[in-house]
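A.B. asks: Coordinates only, no sequence provided:
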Ligand code: NAP
């Protein structure tokens, strides 16, 4: 941003964040943005996220934990929430593109356990801390697949991923209702096609493949930073009246 660019600041009256899936893609971008804002961030992932350099390093607490492990998630959050915890961003997720037929029980379990129950584990483990902080806010990274059939590489959609994301959207709404009385807001973001390692597993992310180009009016992949900016807004004081909503950040995919 040039010095002459007009801007409106986001403010954060809370203290401390937890981000899952923080080693890669959207989670890494969210973590970087929160650290830049001066928010101490517990960065969780299956493998410990790399330590950052410079002045942000003192705010960055990287930890390896599997979001499916309720006890492990609770322990790491309790251990590090002492200085205040106000924000949670659930980015950890997996996609195993299978198409519709013959999805195994283990594939169903993995998708639902990581993408849905994993987010619940983090929310539940953090709730008391968020309530104590007086400014709690949660953002779940859902998907356009939460409410629309999308077939990435196959003619068939992948049902266990779509169902896990639809469940996450409903978890957002039930949590928003359940936790409102404790001063905690809960929203989700439904990203479209975002250039991350997850998307790269399906091919080149520098430009949309032909079959998708006509379905995305923006004409390009989104960036992890664009999702992080949306998450920052939903955590900020400026969205204090927003809870239980899902924000589409999809380059207009919903319009086609
Ligand atoms: P990504 O680059 O693959 O990052 C996801 C991270 O979550 C990875 O570091 C992954 O670790 C971690 N993770 C997986 N299972 C975990 C577990 N059990 N416990 C803790 N961490 C775990 O993917 P991304 O594109 O940034 O995706 C972030 C979120 O956005 C996901 O929920 C995804 O479904 C959603 N999303 C992405 C897109 C897109 O186009 N990229 C679109 C819509 C929604 P490993 O790498 O070791 O597995």
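C.D. replies: The structure has been received and is ready for your questions. Please read these numbers as outputs of a predicted model, since none were measured by experiment. Numbers count the residues shown, from 1 in each chain.
A.B. asks: Using neighbour counts, pick out the buried residues of stretch 129-138.
C.D. replies: For stretch 129-138, burial by neighbour count (16 or more other Cβ atoms under 10 Å) applies to 129-130, 133, 135-138. C-beta: built from backbone N, CA, C; applies to glycine.
A.B. asks: how long is it from one end to the other?
C.D. replies: 12 Å (Cα to Cα, to the nearest Å).
A.B. asks: Repeat that for stretch 197-208.
C.D. replies: 15 Å.
A.B. asks: and what of stretch 52-59?
C.D. replies: 9 Å.
A.B. asks: Identify all contacting residues around it.
C.D. replies: Stretch 52-59 is contacted from outside by 32, 35-36, 38-41, 51, 60, using Cβ atoms under 8 Å, 6 or more residues apart in numbering.
A.B. asks: likewise stretch 17-25?
C.D. replies: 27-28, 30-31, 34, 39-50, 62, 67, 77, 85-93, 118-119, 122, 126, 141, 194, 196-198, 224, 235.
A.B. asks: One more: stretch 208-225?
C.D. replies: With contacts defined as Cβ under 8 Å, 6+ apart, stretch 208-225 is touched by 25-26, 28-29, 33, 191-196, 199, 203, 205-207, 249-253, 255-256.
A.B. asks: From residue 128, how far off is whatever residue of the stretch 51-200 of the chain ends up closest to the ligand?
C.D. replies: Residue nearest to the ligand within the stretch 51-200 of the chain: residue 93 (2.2 Å; Cβ to the nearest ligand atom). Using Cβ to Cβ, to the nearest Å, one obtains 25 Å as the distance from residue 93 to residue 128.
A.B. asks: For those two, indicate the residue with more neighbours.
C.D. replies: For residue 93 versus residue 128, neighbours defined as other Cβ atoms under 10 Å are more numerous around residue 93 (26 against 15).
A.B. asks: Surely that one is within a helix?
C.D. replies: No. Counting by DSSP: H, G, I helix; E, B strand; the rest coil, residue 93 falls outside a helix, being coil.
A.B. asks: pLDDT at it, what is it?
C.D. replies: As predicted, residue 93 sits at a pLDDT of 98.
A.B. asks: which of the contacts of stretch 52-59 lies closest to residue 228?
C.D. replies: Nearest to residue 228, judged by Cβ to Cβ, of those is residue 32 at 7.2 Å.
A.B. asks: Run through the residues that contact the closest one.
C.D. replies: Contacts of residue 32 (Cβ under 8 Å, 6+ apart): 52, 228.
A.B. asks: coming back round to it: for the residue of the stretch 51-200 of the chain closest to the ligand, list the residues it contacts.
C.D. replies: Each residue near residue 93 by Cβ under 8 Å, 6+ apart is listed here: 21, 114-115, 141, 198.
A.B. asks: check the contacts of stretch 208-225 against the ligand, which are close?
C.D. replies: Among those, proximity to the ligand is found for 25-26, 191, 193-194, 196, 199 (Cβ under 6 Å from any ligand atom).
A.B. asks: Compute the first-to-last residue distance for stretch 171-190.
C.D. replies: This stretch, stretch 171-190, spans 14 Å end to end (Cα to Cα).
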